[in-house]
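> please work out how this folds:
(one chain, ligands or ions: 1)
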Amino acid sequence: MARAMAVTALSHVYPLGSRINEAGRLEVGGCDVVRLADEYGTPAYVVAEDDLRARARNFRAALSTHHGESGEVLFASKAFPCTAAYRVFAEEGLSCDVATGGELALALRGGFPPARIYLHGNAKSPAELREAVAAGVGTIVVDNFDDLDNLAEAVPAGATQRVMLRVRPGVKPSTHDFISTGQVDSKFGLGLDDARAAIDRLRASDRLQLAGLHMHIGSQIFELASFRKAVEAIAHLGDFPAYNLGGGLGVAYTAQDEPPAIDAYVEAKATAVREILGADKHLAIEPGRALVANAGVTLYRVMTVKRDLSTYVSVDGGMSDNLRPMLYGAVYEAAIADRLSPGGELCHVAGKHCESSDVIVRDAHLHDPRPGDVLVTPATGAYGHAMANNYNGVPRPPVIFCRDGESRVVVRRETYEDLAARDLV
Ligand code: LLP
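Model (predicted):
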């Protein structure tokens, strides 16, 4: 049986370099995931480090091919804010997008030179702005008029700060409403009329140096035409040396998903900038999900299998380690880590939380699931660790990096002591 399964091909949702080994088990980064589950416990986020590096290189190569040397790839670190990930992407020569003072602290800890950091945020506090200026953050993306005033105050007299202005192009790509950000009615950035007024004020400032415009129209986007439409929409705001077109490239969560390739996505953005805005522009892009989602899988242990009207395969994690199915109706795959061939019994993979919505994968096909099995959900490298929480007092999982058959814990599992670490009574 194991031999027959050894020939099963894994779909493109799994990390690059994954395979089914001679024992019929999933291998990620050269490591047998059943052994990882035994060694580190479950649930656990397992990340193929080479996959992260390969995608970072892919983005940089594509930007250099389609835009020349005046391009910059930023790691949108909200997708996977852990020190080890910051370190990998800093080593790969990426720049970094942080959304808060907390992410800024992590990015600095992870080794990003401050000059290569962009600070975003629609509700930055004056303290966050002061922290960013004091740290020497290269670019601060101004979101609104209050932000502009607060930033001008945070910059010491005689000093200057490079800024970009976040604008809302009024484009709504087809993706979940909760992750659309560039439509006319949105809390992010300024609409086109207000943007003109903000540009005038920034141009008049002696402390804030306006380098150009930023926009991010949303996330998990498959249709490249939206990015061009957004560039068209902001073209009449003026001529600037730099543009940051945000992130948004969608990824494959299931074998049926066929997102555009990194190269095609970068080409679409670079072409739009060259044709619509001019050939001499500095172009920054901010991939988050597309850098990290498919590099990671989550390992769970099956606790119980309940066969009733539906078959519920309940595991030892759930909405505390992956909120995306509950928040966005996101669809994932699941497989038993040592029985991966297609087909099997129709099941729902449920979490351990006290909520009916705590179902990680509906309508999964699993081979003879039973308590003790290691169950894997691929494509969980983005916004899983980032949005993990302690609902029901569940300690958050560790992050384990794998490479060439070696594994290392880069974030340890939380303990019960951690759960009470901030309690003062
Ligand atoms: N740049 C800005 C300014 C952003 O707000 C975001 C994501 C990105 C770049 C990266 O976008 P990406 O390449 O990952 O699509 N929690 C949601 C996603 C929220 C995205 C927020 N902003 C999810 O799990 O789908």
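
> please make it C-alpha for all contacts and neighbour counts, starting now.
Will do.

> roughly how far apart are the residue nearest the centre of the chain and Ala335?
Centre of the chain computed as the mean C-alpha position; nearest residue by C-alpha atoms, centre = their mean is Ala79, 2.5 Å away. Relative to Ala335, Ala79 is positioned 24 Å away (criterion: C-alpha to C-alpha, to the nearest Å).

> what do you get for Leu419?
31 Å.

> those two: who's more crowded?
Neighbour count, other C-alpha atoms under 10 Å: between Leu419 and Ala335, Ala335 has more, with 24 against 14.

> hmm, Leu366 and the more buried one touching each other?
Yes - with contact defined as C-alpha atoms under 8 Å, Ala335 counts as touching Leu366 (5.9 Å).

> now do the buried residues in the helix or strand encompassing Leu327.
In the assignment (DSSP states H and E), Leu327 maps to helix 324-328. Neighbour counts using 16 or more other C-alpha atoms under 10 Å place Arg324, Pro325, Met326 of helix 324-328 among the buried residues.

> do a quick rundown of the helices in the stretch 301-425 of the chain.
For the stretch 301-425 of the chain, the helices defined by DSSP state H, counting those that start in this stretch cover 324-328, 416-419.

> just put those in CSV and tack on distance to Leu26.
Formatted as CSV, the helices of the stretch 301-425 of the chain follow (distance: least, C-alpha to C-alpha, whole Å):
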stretch, distance to Leu26
helix 324-328, 23
helix 416-419, 30
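
> do you know which of the ones you listed lies nearest the ligand?
The minimum distance between the ligand and these falls on helix 324-328, with 5.5 Å, by C-alpha to the nearest ligand atom.

> from the chain's centroid, how far away is that closest one?
Centroid separation for helix 324-328 versus its chain: 15 Å, with C-alpha atoms, centre = their mean, to the nearest Å.

> need the residues that contact that helix.
For helix 324-328, contacts defined as C-alpha atoms under 8 Å, 6 or more residues apart in numbering pick out 176, 178, 319, 330-332, 357-361, 383-384.

> separate out the buried members of those.
By neighbour count, with 16+ other C-alpha under 10 Å, those hold Met319, Tyr332, Asp358, Val359, Ile360, Val361, Tyr383, Gly384 as buried.

> in the longest helix along the chain, what's buried?
Taking DSSP state H as the criterion, the chain has its longest helix at helix 49-67. Neighbour counts over helix 49-67 (16+ other C-alpha under 10 Å) mark 49-53, 55-64, 66-67 as buried.

> quick check: closest non-adjacent residue to Glu103.
Nearest residue to Glu103 in three dimensions, chain neighbours excluded: Pro81, at 6.9 Å (C-alpha to C-alpha, 6 or more residues apart in numbering).

> the one you found should be in a helix, yeah?
No - read with DSSP: H, G, I helix; E, B strand; the rest coil, Pro81 is coil and lies in no helix.

> so it is in contact with Leu106, correct?
Yes - contact criterion C-alpha under 8 Å: Pro81 and Leu106 qualify, at 7.2 Å.

> give the next helix or strand downstream of the helix or strand bottoming out on mean pLDDT in the chain.
In the chain, the helix or strand scored least confidently by mean pLDDT, DSSP states H and E is helix 2-6, which has a mean of 42. Proceeding N to C from helix 2-6, the next assigned helix or strand is strand 19-20, under DSSP H and E.

> report the distance from that following strand to the chain centre.
Distance of strand 19-20 from its chain centroid, counting by C-alpha atoms, centre = their mean, is 25 Å.

> what does the stretch 151-300 of the chain have sitting close to the ligand?
For the stretch 151-300 of the chain, the residues found near the ligand under the criterion C-alpha under 6 Å from any ligand atom are 179, 216, 219-220, 246-249, 286-290.

> got any ranges where the stretch 151-300 of the chain has weak pLDDT?
Within the stretch 151-300 of the chain, the stretches with pLDDT under 70 are 175-176, 178-180, 182.

> which stretches of it form strands?
For the stretch 151-300 of the chain, the strands defined by DSSP state E, counting those that start in this stretch occupy 161-166, 208-214, 242-244, 282-285, 296-307.

> what sits against Val376?
Val297, Thr298, Leu299, Tyr300, Ala334, Ala335, Ile336, Ala337.

> ok so Ala85 is a strand residue?
No - looking at Ala85 with three-state DSSP, it is helix, so not inside a strand.

> count of neighbours near it?
Neighbour number of Ala85 under other C-alpha under 10 Å is 22.

> tell me the spacing between it and Ala252.
To Ala252, Ala85 is 21 Å away according to C-alpha to C-alpha.

> closest one of the contacts of helix 324-328 to the ligand?
The ligand lies nearest to Tyr383 out of these, by C-alpha to the nearest ligand atom, at 4.7 Å.

> which residue, neighbours along the chain excluded, lies closest to that closest one?
Nearest residue to Tyr383, sequence neighbours excluded (C-alpha to C-alpha, 6+ apart): Ala79, at 4.7 Å.

> and the one you found, what is it in contact with?
Counting by C-alpha under 8 Å, 6+ apart, Ala79 touches Gly288, Arg289, Val292, Gly381, Ala382, Tyr383, Gly384, Ala386.

> please name the bridge partners of whichever residue of the stretch 1-150 of the chain sits closest to the ligand.
Using C-alpha to the nearest ligand atom, the single residue of the stretch 1-150 of the chain nearest to the ligand is Ala76, 5.0 Å away. On the basis of DSSP bridges, Ala76 is bridged to Asp97.
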